[in-house]
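J.: The following block contains a protein sequence and its predicted model.
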Protein chains: 10
Amino acid sequence: MPDHTLLETFPAPSDQPFVIEHVSEEFTSVCPKTGHPDFGEVTLRYEPKPASDGGVCVELKSLKLYYQSFRNEGIFYEAVTNTIRDHLQNCMNAQWLQVVTDWKGRGGIRSRITATVGDVPAEYRGW
Amino acid sequence: MPDHTLLETFPAPSDQPFVIEHVSEEFTSVCPKTGHPDFGEVTLRYEPKPASDGGVCVELKSLKLYYQSFRNEGIFYEAVTNTIRDHLQNCMNAQWLQVVTDWKGRGGIRSRITATVGDVPAEYRGW
Amino acid sequence: MPDHTLLETFPAPSDQPFVIEHVSEEFTSVCPKTGHPDFGEVTLRYEPKPASDGGVCVELKSLKLYYQSFRNEGIFYEAVTNTIRDHLQNCMNAQWLQVVTDWKGRGGIRSRITATVGDVPAEYRGW
Amino acid sequence: MPDHTLLETFPAPSDQPFVIEHVSEEFTSVCPKTGHPDFGEVTLRYEPKPASDGGVCVELKSLKLYYQSFRNEGIFYEAVTNTIRDHLQNCMNAQWLQVVTDWKGRGGIRSRITATVGDVPAEYRGW
Amino acid sequence: MPDHTLLETFPAPSDQPFVIEHVSEEFTSVCPKTGHPDFGEVTLRYEPKPASDGGVCVELKSLKLYYQSFRNEGIFYEAVTNTIRDHLQNCMNAQWLQVVTDWKGRGGIRSRITATVGDVPAEYRGW
Amino acid sequence: MPDHTLLETFPAPSDQPFVIEHVSEEFTSVCPKTGHPDFGEVTLRYEPKPASDGGVCVELKSLKLYYQSFRNEGIFYEAVTNTIRDHLQNCMNAQWLQVVTDWKGRGGIRSRITATVGDVPAEYRGW
Amino acid sequence: MPDHTLLETFPAPSDQPFVIEHVSEEFTSVCPKTGHPDFGEVTLRYEPKPASDGGVCVELKSLKLYYQSFRNEGIFYEAVTNTIRDHLQNCMNAQWLQVVTDWKGRGGIRSRITATVGDVPAEYRGW
Amino acid sequence: MPDHTLLETFPAPSDQPFVIEHVSEEFTSVCPKTGHPDFGEVTLRYEPKPASDGGVCVELKSLKLYYQSFRNEGIFYEAVTNTIRDHLQNCMNAQWLQVVTDWKGRGGIRSRITATVGDVPAEYRGW
Amino acid sequence: MPDHTLLETFPAPSDQPFVIEHVSEEFTSVCPKTGHPDFGEVTLRYEPKPASDGGVCVELKSLKLYYQSFRNEGIFYEAVTNTIRDHLQNCMNAQWLQVVTDWKGRGGIRSRITATVGDVPAEYRGW
Amino acid sequence: MPDHTLLETFPAPSDQPFVIEHVSEEFTSVCPKTGHPDFGEVTLRYEPKPASDGGVCVELKSLKLYYQSFRNEGIFYEAVTNTIRDHLQNCMNAQWLQVVTDWKGRGGIRSRITATVGDVPAEYRGW
């Protein structure tokens, strides 16, 4: 079951703006309609708030365990993407945050879902 | 026969804006002029209305079955593209929606048709 | 001899704007100067007028036969390109229309000719 | 229904040995287990018997119509491949003949089946 | 738990020799040492015995379900590969059979395991 | 009409064995069944006999004109390939000679025909 | 010697604006300093004036002969490029015209020279 | 231990603006959470202040030794990136400066962190 | 310090022959001459003895830790390669075993070292 | 020793603006810190002043000899780049001028330095 309590953060190491991208090539959940496993890639991009403003970063190993908590969950692509966006933003309160999921073909159809919060810079949009 | 009643939706999982892309590499219909089969790829991109505004997403398996309902239909490329755009927009009422069809060569000619509704963001235009 | 009467149209299937691209990789005509055959690729892009405004699309097989009517015609590249643009626009009266011809090498020189009518959107210019 | 009576032949144009390859990128049949369409590519390679020995070639348009006769047939990949091999060899009695089918992913699994008759030269094996 | 009873077969459709390849890009199991999920690709190649000799083929959907039965199993790469080889050979008794597993990086190490039974033709060895 | 009298030769410039390859990307003829034009690429490879043994080479411009003489001929792919092989071997009497024709898709099927005479070295076979 | 009298023109076939590109991959001249041959590619792009305004196009075979007239001329890259630009503009008086020369390495240095006249559209600049 | 005293500078060789990029493909540090080594690539881009304004450049060998001083340090990706940015900016006081770190996969997740100071020109953003 | 006691094994899961390949992209040691770090990729391939003959496989995490034990060791490329071959063969007594190390450039020179024991099959030689 | 007196110029052949690019793939100098040779590629781009305004171009062979004069010079990358920019601008007084140097790896670090004078058009920036 998606478990946001697995997510851990640490204080942003700077007041200067910086951007973080984590690409997980090994995401799997279960289709709620057919019961078959789904496989995808999850890309997370965000800019933390400044350190002096309480900015935090998500710790990488906790992110991996959080993603693994979807393994046996029956959940649509769209809900996966929005859930990850909301869980991560709730625990980080980032300046902006973007989640892109790319799903392998199902019935000859492959999919990409993009969910954001805040003002994503132009150079990261439409990926 | 293209059967829009096959399309099922589920409520958008968020009030935040997000974008969905489904690429079907296995579309086939029949040329109304020659009776020979046509083969193509259908790309659908859209942004659902916010959940609180009644926004919905198309369910993936129902989309596959809907596409399959064109299999033995005699229909031009242009009509395929506009029909899909209209059927999907009628059942989703999306913020914006784009349908691109790419067709394998016929008589040495390959074709691409692009139909849209609403204001497609610049990063998705002209693909 | 280029024969525009071969071109057939059918009513545009929608009032919504949409864009059509047909790429023919198998065009041939004859050089009026040397009598040797020329080989090229013809790309046609256009947006039909809305259906309610009498908009039409060119039928694909008739387009193929029309292109084949250049097979034994002695005609310059530039005239091929402008002739196709004019014949197609005369029978479709499109919102905008673009014809690009790419010609294989002749005497070590390969050529591309681009002819348009109306306001071609920026994403299709300069191809 | 696969209909071998659609296949037409013409006499081999030579007593000299020669090799023919036809690649059809637009093959579709139906899965007998799920009822969903399958999509694949069929490669046929063969060497006809010499003309003076009654050698024949399959006519291309008849081959296309023969392949189209599988369109709504429920049939396994393996049976498609062996059926095509047998039908073609029955009507051509080639020196050797090879059929390779490549199938798009189903449930995350993509497949290739290779069926032969006679002594395929080393340069065509294992493709 | 890997469950070989999920595997179903059907009679080989021919007495002629032919070769079958199924590539599954979506295999996952669990590392018995760390408890973390492993992700890999499984390639199966085999030649069934002739139909008249009782030859059979594995049915594709049953193969998918069989692979899915490893999803929550703690098992080493080497055991996965040999288990699949043994289960499939037990139910098919093929002329020859080859299983290749390719695993994504773990701790910066990516792995490939190849297990065979019978006499694999030279053109398939060392892949 | 294919006109072998267009072919001209000149004496091989050496007694040492050497190999010649001419690739023509601009071959066209007409399908005898449908009347539509076919487009292909013709590759010729051969080793002339030694000069002291009366060996000759085909002159390049004459080869171009010879190929152009197929332009409006209704003729199957297989006959094109064997005709070119025979015409060229008749006028050159080469040690060995290979003609490969690659044809653009017709009805979703693309084709390659290979015809040879004499003992083609292993490195040129199967192309 | 570069001989502009070799250039021939014909009337532009239309009043509609169109763009012409000729790429010559086989240009050669002589280095005036070392006497060694230089090899390069010459790209010409231009928009003729409208037909009703006396617009003309350069005839392709005459362009080839004109380029060949540089063969034994000792001339710098920069002068080649500007000379071609001036000769062509003098005989065509185009709306705009661009000449790009790409030169193979000399002493480990490869070069590109770009010369223009008139207002080259943004999509052709910087090539 | 990251040791900024290893960094040496030399006076900028010009008052004219110029841009410097150093890409180090061989960066390694240690994960503070697991104790396992991390491997990455570090890209540094900056524009020094003008020479007359006291502008300096970092000396390349000292940069290499500085990067090596992270070898056995337990430190997060984000802190590596911000530390390098701060150390380098402290010793160079550049017009602008950008540090991008690309990290190999850990637990199936690969990461990129981008930290900047000053006004990075548009052509270097979002890399 | 290279520490072979870190290596753990488990019994080979089969009496059938099979081949194992582990590629580690993140190997680092120290040059004994200059004290600077070296970076390379280590490929291990082997066939274990049959299970009934006491065959064993190296456990993957222990292999990772073993490789990490070279991190601060001053050792030549050649010694790294032979040491790994000897340590692994001592603890596995494989049928055959091959170690290939690929080293990033040092002073503009990149290196590959290959060490083997036993009879490596032809398809793995020379890599 | 870098010797700007080796540079020779000739009058710009036109008053029309044009752009010149010379890419030298074979530049070498010596690291002043280690005494080891450095290898790089030098790209020069500039627009000469109009001929009537005294504009000149650098002669290619003299440029080659000038680059060769750095061969045994101990000099930093940054100084190479700025020195070339200054020497060339001093002798040409170009409208604008850009020098980009790309250096092969040193200690695992590869570098690019970009120095300009005047207003470089947007299409050449950031290369």
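T.: Great, that's in hand.
J.: Next SSE downstream of the longest strand anywhere in chain A?
T.: Looking across chain A with DSSP state E, the single longest strand is strand A:18-30. Following strand A:18-30 in sequence order, the next helix or strand is strand A:37-47 (DSSP states H and E).
J.: what pairs with that following strand, and is each one parallel or antiparallel?
T.: The strands beside strand A:37-47 in its sheet (DSSP bridges) come out as strand A:18-30 (antiparallel), strand A:96-106 (antiparallel).
J.: so what's residue A:110 closest to, chain neighbours aside?
T.: The shortest distance from residue A:110 to any non-neighbouring residue, by C-beta to C-beta, 6 or more residues apart in numbering or on different chains, is to residue B:23 (5.2 Å). (C-beta placed from N, C-alpha, C; glycine too.)
J.: before we move on, what about residue A:112?
T.: Per C-beta to C-beta, 6+ apart, closest to residue A:112 is residue B:21, 4.4 Å.
J.: Next, the angle from the lengthiest helix in chain A to strand A:18-30.
T.: Secondary structure of chain A per DSSP state H: the longest helix is helix A:77-92. Angle, helix A:77-92 to strand A:18-30, by axes from the mean of the first three to the mean of the last three C-alpha atoms, to 10 degrees: 140 degrees.
J.: What separation do you get for the residue nearest to residue A:93 when sequence neighbours are not counted and chain D?
T.: Distances taken as C-beta to C-beta, 6+ apart put residue A:49 closest to residue A:93, at 6.3 Å, once the chain neighbours are dropped. Per C-beta to the nearest C-beta, to the nearest Å, residue A:49 is found 40 Å from chain D.
J.: same thing with residue A:120?
T.: For residue A:120, the distance to chain D - C-beta to the nearest C-beta - is 32 Å.
J.: Residue A:98 is in contact with that residue, correct?
T.: Yes - Residue A:120 is in contact with residue A:98 according to C-beta atoms under 8 Å; the separation is 5.2 Å.
J.: Quickly list what's touching both of those two.
T.: Counting by C-beta atoms under 8 Å, 6 or more residues apart in numbering or on different chains, the contacts common to residue A:120 and residue A:98 are residue A:45.
J.: low pLDDT regions in chain A?
T.: A:126-127 (pLDDT under 70).
J.: before we move on, back to that, between residue A:120 and residue A:98, who's got more neighbours?
T.: residue A:98 (22 against 19; other C-beta atoms under 10 Å in any protein chain shown).
J.: Now chain A against chain G: closest residue?
T.: With C-beta to the nearest C-beta as the measure, residue A:122 is the residue of chain A nearest to chain G, at 19.4 Å.
J.: so how far is residue B:22 from that residue?
T.: In this structure, residue A:122 and residue B:22 are 25 Å apart, going by C-beta to C-beta, to the nearest Å.
J.: more neighbours, the two?
T.: Shown here are residue A:122 and residue B:22; by other C-beta under 10 Å, residue B:22 has more neighbours (22 against 12).
J.: residues in contact with that one?
T.: Contacts of residue B:22 (C-beta under 8 Å, 6+ apart): A:109, A:110, A:111, B:43, B:44, B:58, B:60, B:63.
J.: Just flag the most distant two among those residues.
T.: Farthest pair in those (C-beta to C-beta) is A:110 and B:58. Separation: 15.1 Å.
J.: So these two - more neighbours on which side?
T.: residue B:58 (22 against 17).
J.: That one and residue B:88 touch, don't they?
T.: Yes - between residue B:58 and residue B:88 there is a contact at 6.4 Å, judged by C-beta under 8 Å.
J.: shared neighbours, these two?
T.: By C-beta under 8 Å, 6+ apart, the residues touching both residue B:58 and residue B:88 are B:7, B:44.
J.: which residue packs closest to residue A:95, ignoring adjacent ones?
T.: Nearest one to residue A:95, counting by C-beta to C-beta, 6+ apart, is residue A:47 at 4.3 Å.
J.: what's near enough to touch that neighbour?
T.: A:17, A:18, A:19, A:20, A:94, A:95, A:96, A:97.
J.: Residue J:37: which of those residues is nearest?
T.: residue A:18 (37.1 Å).
J.: in the sheet, who's paired with the closest one?
T.: Beta-bridge partners, per DSSP bridges, of residue A:18: residue H:115.
J.: so how far is chain E from it?
T.: With distances taken as C-beta to the nearest C-beta, residue A:18 is found 25 Å from chain E.
J.: My guess is that residue contacts residue A:49. True?
T.: No - Residue A:18 is beyond contact range of residue A:49, at 11.3 Å (criterion: C-beta under 8 Å).
J.: Nearest to chain I: which residue in chain A?
T.: residue A:25 (14.8 Å).
J.: Let me know whether residue A:78 touches residue B:55 as I believe.
T.: No - contact criterion C-beta under 8 Å: residue A:78 and residue B:55 do not qualify, at 10.5 Å.
J.: between those two, what contacts are shared?
T.: Joint contacts of residue A:78 and residue B:55 (C-beta under 8 Å, 6+ apart) are residue B:12.
J.: quick one: contacts of stretch A:113-127?
T.: By C-beta under 8 Å, 6+ apart, stretch A:113-127 touches A:19, A:43, A:45, A:77-78, A:80-82, A:84-85, A:89, A:94-101, A:103, B:14, B:16-21, B:121, B:123-124, H:125-126.
J.: Just the buried residues of it, please?
T.: The neighbour-count criterion (16 or more other C-beta atoms under 10 Å in any protein chain shown) identifies A:113, A:114, A:115, A:116, A:117, A:120, A:124, A:125 as the buried residues of stretch A:113-127.
J.: Using CSV, write out every CA atom in it.
T.: Coordinates of each C-alpha in stretch A:113-127 appear next as CSV, following Å, rounded to 0.1, in the frame of the first residue of the first chain:
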residue,chain,number,x,y,z
ILE,A,113,1.2,11.1,-17.3
THR,A,114,2.6,14.4,-16.1
ALA,A,115,1.5,16.1,-12.8
THR,A,116,2.9,19.3,-11.4
VAL,A,117,2.6,21.7,-8.6
GLY,A,118,3.9,25.3,-8.6
ASP,A,119,5.6,27.1,-11.4
VAL,A,120,7.8,24.6,-13.4
PRO,A,121,10.5,26.4,-15.4
ALA,A,122,10.0,26.3,-19.2
GLU,A,123,13.1,24.1,-19.8
TYR,A,124,11.5,21.2,-17.9
ARG,A,125,7.9,21.5,-19.3
GLY,A,126,6.5,19.1,-21.9
TRP,A,127,9.1,16.3,-21.3
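J.: chain center to it: distance?
T.: 13 Å (C-alpha atoms, centre = their mean, to the nearest Å).
J.: Could you check how far the residue of chain A found nearest chain F is from residue A:31?
T.: Going by C-beta to the nearest C-beta, chain F is nearest to residue A:108 of chain A, at 17.6 Å. Here residue A:108 is placed at a distance of 15 Å from residue A:31 (C-beta to C-beta).
J.: So for those two, which residue has more residues nearby?
T.: Counted by other C-beta under 10 Å, residue A:108 and residue A:31 do not tie: residue A:108 has more neighbours, with 21 against 16.
J.: which residues touch the closest residue in space to that one that isn't next to it in sequence?
T.: Closest residue to residue A:108 apart from its sequence neighbours, by C-beta to C-beta, 6+ apart: residue B:26 at 3.6 Å. Listed by C-beta under 8 Å, 6+ apart, the contact partners of residue B:26 are A:108, D:37, D:39, D:104.
J.: Just put those in TSV and tack on distance to residue E:71.
T.: Rendered in TSV, the data for the contacts of residue B:26 read as follows (distance: C-beta to C-beta, whole Å):
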residue	distance to residue E:71
A:108	23
D:37	27
D:39	27
D:104	24
